[in-house]
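[1] Mind folding the following:
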Amino acid sequence: MTDESSKAMPRSWTDQVVRRADFSQAHPEVTFEFRRETGRWEATYPTGGNGTQTVYGSELGEVLDKLEEHFR
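    The predicted structure is shown next:
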């Protein structure tokens, strides 16, 4: 018999909101926006000088994964 509480829970939308809040606290220079017209998330951050980089994803978690990889 398997104990239900021992199973790993998949990430939910709430978890992604918490991840975003934690990431934003650590990296306030990154801005997030959901584009309704495209149904995609965007996150933009400065690259130095006057440049910026934008990361795109269909889900917030996808964008956070990319950002966390970049900011390691």
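
[2] Now do the spatially most central residue of the chain against residue 54, distance only.
    Nearest residue to the geometric centre of the chain (C-alpha atoms, centre = their mean): residue 64, 2.3 Å. Remark: distance between residue 64 and residue 54 (C-beta to C-beta, to the nearest Å) = 14 Å. From N, CA and C alone the C-beta is placed, and that goes for glycine too.

[3] and if you look at residue 28?
    Distance from residue 28 to residue 54, by C-beta to C-beta: 17 Å.

[4] which SS class is the residue lying closest to the residue nearest to the centre of the chain once chain neighbours are set aside?
    Nearest residue to residue 64 in three dimensions, chain neighbours excluded: residue 19, at 5.2 Å (C-beta to C-beta, 6 or more residues apart in numbering). What DSSP: H, G, I helix; E, B strand; the rest coil gives for residue 19 is helix.

[5] contacting residues around residue 19?
    Counting by C-beta atoms under 8 Å, 6 or more residues apart in numbering, residue 19 makes contact with 60, 61, 64.

[6] will you turn these into TSV that also has distance to residue 34, secondary structure and pLDDT?
    Shown next, in TSV, are the contacts of residue 19 (distance: C-beta to C-beta, whole Å; DSSP: H, G, I helix; E, B strand; the rest coil; pLDDT from 0 to 100):
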residue	distance to residue 34	secondary structure	pLDDT
60	8	helix	95
61	13	helix	94
64	13	helix	96
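
[7] Having no further points to raise, I will conclude here.
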